[in-house]
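**Student:** Model the structure of this input:
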Amino acid sequence: RVIYDSADAHQMPLPDGWQERVNSFQKMLVVRCIRPDKIGLGIQDFVIEKMGEQFVKPPNFDLRACFDDANYMTPLVFVLSAGSDPMSSLIKLSEDIRARIDSISLGQGQGPKAEAMIARAQGAADEKIWVVLQNCHLAVSWMTSLERIVENTDPAKCNRQYRLWCTTYPTPDFPVSILMNSVKLTMEPPRGLRANILGSYKADPICDPSFFGSVIRNEGDEWRRLLFGLCFFHAIVQERRNFGPLGWNIPYEFSASDLIISVKQLALFLDENVEMPWKALRYCTGECNYGGRVTDDKDRRLLNTILGSFYSENVLGDGFPLSASGDYRMPSGEEVKTYSDYLTFIEKIPLVNKPEVFGLHENANITKGNNDTTSLFRSILLTQKAGGGGDDGGGDKEEDGDESGEEKQDKAAEGNTTEDEGSGPQTDEDVIFDVASNILEKIPQLFNMELAELKFPVDWSESMNTVLCQELMRFNTLNTVIVNSLVEIKKAVRGFVVMSEELEKIGNSLLFGTVPAKWLGASYPSLKPLASYVADFLRRLDFLQAWLDDKSPPVYWISGFYFTQAFLTGTLQNFARRHSIAIDDCDFDFDMMPQSHEEYTKPPMDGAYIYGLFVDGARFDIERNSMADSLPKILISPAPVIYLNPMRKSDIEDRWSYNCPVYKTSERRGILSTTGHSTNFVMYIRLPIEAPEPGTDPETIPSSDPRSPNYWIVGGVACLTSTDD
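**Tutor:** As a prediction, the model looks like this:
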């Protein structure tokens, strides 16, 4: 219990003498079971113990040293990571060496231009020319030509001052021969708020004294404060990526160029306007510079909410807190007057960042750790290869008796072989066979669609009949895919059909306890492991079977639908047809119900009761009928029964609430399907929050106050129809 509750669980000694009885690696296995979120830190300590601290500390980035290691025959390859942009460092080095840079961003039709650029640089007479090929991963088809150019470079004719620089994200299409014979570099953005902000202040143009002191409005005080706030904002939006979907639905690659243009615009707007142009600053920074990268509307809402906290009158005051605890704050006028004062103040920012500075709950650290652990073990599994049968006596032995080949095949497919199965440990093939057999035993027959269409015919006044029949058809399709693949893999591991590449992938998934990709291609979105996925699939079938055997349930398990949007549209359609209202004029109001779903035995007159949602990033307090912070170490909590109350849009009353997005999985991001719906986003639900005192101006409530909707937006709070376990 002490290890489970500890903030440093990976460093806590094991009780009852086990600390001395296990080695470091075995202790990691124990930590993996108790606190999986600490595995990353545990592995880091393990590497330090076995190999040394230098293997966990990234070396200083020295571009000049890398340049000295290369020559005209050796390309230099930048392997990019999210948020990194080496061009500014490269330009600065070229100015120091007095070299000319010919740069081109590769893409469609740019290959011949790049080839001509390289030819000119190689043919120049002792002129310092560097060719920079940016984004090589976007020109896959031209990579073979680049490989040919590099291999055919003639050292006798090539300009010895010529250098070839390439930037690319990790991709299997980049030529291996160039990678093997090149100087490889990678430059990751600084980690942590302090390093990030410090890096911004030490980079162009902020480090330039003439630029830092260029804005003279109000003696430059507003300029310096807003500049600090903008750099803090830049660090926040970059560091939120570490928290996965809690931080951003999609991990955007905000880079130094976004900050540079925003800084220059800030200086320009302050010089040219008498009044503070808040609206223009927020629009250019939030919608154009940073917002231009944002493709998800929920992320755009979050980005503008965070930016609004830094581009406001509040940051112009001394010591304005940037977090609820006050550990992070704006500097006061007495603390900072010069550029060096700001560097000193930044050095005092805590080295380890608490989730509160990002507007997240303390549990976000656990979520971050779990995500890192999951990613690590998925990567480890990718390196594993399913082994063949061992030589434990389970090989090809002729069976006694006079059974025909067909009889043997039937018995093998059913698992009734006469071989001595207990003579040794199970092989991988045996495990796959047993898992497939176990799942097949649990899966019921397909739904009887003829009976369903007779019992629930198409009815103008009851759209749920159509919803049910469509759901049954979708689950029949998925059921067929699962059953057929399991039957085929059983035959393949016994050698009665060819083990194709697709069947081998299915077998590996069953072996490692993951859901086969073929199933997911015909399935509803799910991040569950294999055992949980099968249990969830069977529960959904039971839900629909009970509906088919009886009638529409009084309370719908919203997590059990394959296509949730069809159920929501059907509910609105019933209301619109019953009251002769255009469906486009209707929408849902939401009431949180105080009792469990078993207590509701009759459906409402209009709309529907639903249950089965989960709140991610917070919890709902039924007693207070409002949102509340999560309890310690409880990442996801169940939502109450919700009454979907269809109404005319004009009749829906405004009330103090948080417009909470609902997703199918914790991954949150999805793609737009052919139906016009997202594959993950379901709808918005208005969840009540604690209301401020009457007469309070909503604009005066800070984002760190739970009474503000912005508090829950920045906290990444969302509802899910399905968990990951």
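
**Student:** Quick check: which helices or strands does the helix or strand containing L198 pack against?
**Tutor:** In this structure, L198 is located in helix 193-201 according to DSSP states H and E. Here helix 193-201 touches helix 221-239, helix 339-347, going by 3 or more CB pairs under 8 Å, 6 or more residues apart in numbering; DSSP states H and E. To be clear about C-beta, it is placed using only N, CA and C from the backbone, and glycine gets the same treatment.

**Student:** angle of it against helix 339-347?
**Tutor:** Helix 193-201 runs at 160 degrees relative to helix 339-347, counting by axes from the mean of the first three to the mean of the last three CA atoms, to 10 degrees.

**Student:** Can you name the element that comes right after helix 193-201?
**Tutor:** Criterion used, DSSP H and E; the element after helix 193-201 is helix 209-212.

**Student:** Quick check: buried residues in that following helix?
**Tutor:** Residues of helix 209-212 classed as buried under the neighbour-count rule (16 or more other CB atoms under 10 Å) are F212.

**Student:** Pull the distance from that helix to the chain's centre.
**Tutor:** Centroid displacement of helix 209-212 relative to its chain, using CA atoms, centre = their mean, to the nearest Å, is 38 Å.

**Student:** Sheet partners, orientation included, of the helix or strand hosting F590?
**Tutor:** Using DSSP H and E, F590 sits in strand 586-592. Partner strands and pairing direction for strand 586-592 (DSSP bridges) are strand 642-648 (antiparallel).

**Student:** which of the residues in the partner strand are buried?
**Tutor:** Buried residues in strand 642-648, counted by 16+ other CB under 10 Å: I642, Y643, L644, N645, P646, M647.

**Student:** Please apply the same query to stretch 375-382.
**Tutor:** Buried, per 16+ other CB under 10 Å, within stretch 375-382: nothing.

**Student:** picking that back up, so of the helices and strands packed on helix 193-201, which one's packed in deepest?
**Tutor:** Per residue and on average, the most neighbours among the helices and strands packed on helix 193-201 fall to helix 221-239, with a mean of 22 (mean count of other CB atoms under 10 Å).

**Student:** Compute the inter-axis angle for that helix and helix 193-201.
**Tutor:** 120 degrees.

**Student:** what's the offset of helix 221-239 from the middle of its chain?
**Tutor:** What separates the centre of helix 221-239 from the centre of its chain is 25 Å, taken as CA atoms, centre = their mean.

**Student:** Quick one: mean pLDDT for that helix?
**Tutor:** In this model, helix 221-239 has a mean pLDDT of 93.

**Student:** May I have that helix exported as CSV, CA atoms only?
**Tutor:** Only the C-alpha atoms of helix 221-239 are listed here, as CSV (Å, rounded to 0.1, in the frame of the first residue of the first chain):
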residue,chain,number,x,y,z
ASP,A,221,6.9,47.5,-19.5
GLU,A,222,3.7,46.2,-21.2
TRP,A,223,5.9,44.8,-24.0
ARG,A,224,8.2,42.9,-21.7
ARG,A,225,5.3,41.4,-19.7
LEU,A,226,3.3,40.3,-22.7
LEU,A,227,6.5,38.9,-24.2
PHE,A,228,7.1,36.8,-21.1
GLY,A,229,3.4,35.7,-21.2
LEU,A,230,3.7,34.7,-24.9
CYS,A,231,6.8,32.6,-24.2
PHE,A,232,5.1,31.0,-21.3
PHE,A,233,2.1,30.2,-23.5
HIS,A,234,4.4,28.7,-26.1
ALA,A,235,5.9,26.4,-23.5
ILE,A,236,2.5,25.4,-22.2
VAL,A,237,1.1,24.4,-25.6
GLN,A,238,4.2,22.4,-26.4
GLU,A,239,4.5,20.6,-23.0
